[in-house]
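J.: output the structure for:
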Amino acid sequence: MTAPLRQEPLRLGLCGCGWVIRHCYQPALAELSALFEVVAVFDPDPAALQRAAHAWPAARRCDSFEELLAAHPDAAVIASPNACHLDHATALLAAGISCLVEKPVVRDTADAALLQAAAQSGAALVSGVACRFRDDTRLWLDQVALLGPLTELDLVWSREHGVPSAPWHLRRADGWTGVFADLGYHLLDLAGAALRWRAERIDVAMVQRASQRRGAGASWYVEGSKVRAGSLAYDTDDRFGATLAVDGCRIGLRVAWIDSARGDLVRLEARGARGEAVLSGLFGFSDNRRERDQQVVLRLHGRDKIRTTFETGPELQLCAFATLLRHFHRCVRAGADEEAAALRFAAALGGALREAAA
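T.: Numbers count the residues shown, from 1 in each chain. Okay, the predicted model is just below:
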């Protein structure tokens, strides 16, 4: 019997080598060396580029985006500042380089159209929204599928004090920065997954944006940093809320970098004709928990709850990045366009919310 041919790892370029690459993708890529070989790294910040060159000494060190493009890897992770995502992705896709684009990927349907046109080369495009690939989230989505047609989704991600401290995060950039682009994009993506990416009719009832323009930085974001009240000044939104209906399902979204309530919280509630599914706890890397447990609870037809608990801490989030990268590898190798529906959903809802907030 002939053994199957072993595929060579995908030649991977890193476009942007900041916090998320260092703390999330680097450990995942170390685990997935049979699938990916980092062959080129680029960041305009010399310190970030030096750290990446040290982490991947065999990779080509690119001093410009054009040099990364010329290196022509098979695929790239785009983790540059948010406002660069669209330009970097369209250029790489048009060159036939498959892209995993960190969130936010698009703001509206115009952005999605640019990406889809660039991807006509046949390159794969995957949204880098790691929370969809967490084990607890995947269980919640499996349970949501048991509820029948959904009538309500209430999705919350709130931090007591958690402003990301990278300078580009703190500046308003035409919809690319602020709490909705940061935390809200995850919830938008999860709403899409819960609704099987269908959004024929979108009716926005309310959008609220606010900013106190000064707040405490996220303690995990910069090594050695300490949370101090009012330590960061910024001009982006630090709170965002919306109520809308998608094909008859009422959706409530609320995200906050700064909240008067003590502790940080993620809560995903889905209700349908047969019952409800609730995920409660926390995503990401904060240890400032509002609720002690990380759990998913299912109640069908009013019967006793089925409760599944998970370990607290960052491990679920770190594992999600490895699962996301495996998904990206599969999409590139299979030529699959599995993420097209996710992109269209995020573009449609994001655009509707952006228009309502204008």
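
J.: all strands for the stretch 51-200 of the chain, in order.
T.: 60-62, 75-78, 98-102, 125-128, 150-158 (DSSP state E, counting those that start in this stretch).

J.: the longest one pairs with which strands, and in what direction?
T.: Looking back up the chat, that one is strand 150-158. For strand 150-158, the paired strands and their directions (DSSP bridges) read strand 249-256 (parallel), strand 265-272 (antiparallel).

J.: so which bits of that strand are buried?
T.: For strand 150-158, a neighbour-count test (16 or more other CB atoms under 10 Å) marks Leu150, Leu153, Asp154, Leu155, Val156, Trp157, Ser158 as buried. For glycine as for every other residue, the C-beta is placed from the backbone atoms N, C-alpha and C.

J.: show me the shaky parts of this protein.
T.: Along the chain, the model assigns pLDDT under 70 to residues 1-6, 222-230, 336.

J.: centroid residue for it?
T.: Val129 (2.7 Å; CA atoms, centre = their mean).

J.: and that residue, how far from Leu100?
T.: Distance, Val129 to Leu100, by CB to CB, to the nearest Å: 10 Å.

J.: give me the common contacts of these two.
T.: Contact criterion CB atoms under 8 Å, 6 or more residues apart in numbering; residues shared by Val129 and Leu100: Leu324.

J.: okay, and the beta partners of Gly13?
T.: Applying DSSP bridges, one finds that Gly13 bridges with Ala40, Ala76.

J.: tell me which residues of the longest helix along the chain are tucked away?
T.: In the chain, taking DSSP state H as the definition, the longest helix is helix 315-334. Using 16+ other CB under 10 Å as the test for burial, helix 315-334 gives 316-329, 331-332.

J.: so which elements touch that helix?
T.: For helix 315-334, the elements it packs on are strand 10-15, helix 26-31, strand 98-102, strand 125-128, helix 135-144, judged by 3 or more CB pairs under 8 Å, 6 or more residues apart in numbering; DSSP states H and E.

J.: quick one, helices of the chain?
T.: Using DSSP H, helices in the chain cover 19-20, 26-31, 46-55, 65-71, 85-94, 109-118, 135-144, 179, 185-194, 315-334, 340-357.

J.: beta partners for Cys249?
T.: Residues in beta-bridge contact with Cys249 (DSSP bridges): Val246.

J.: quick one: it and Gly148 touch, right?
T.: No - Cys249 lies out of contact with Gly148 (CB atoms under 8 Å); the separation is 11.5 Å.
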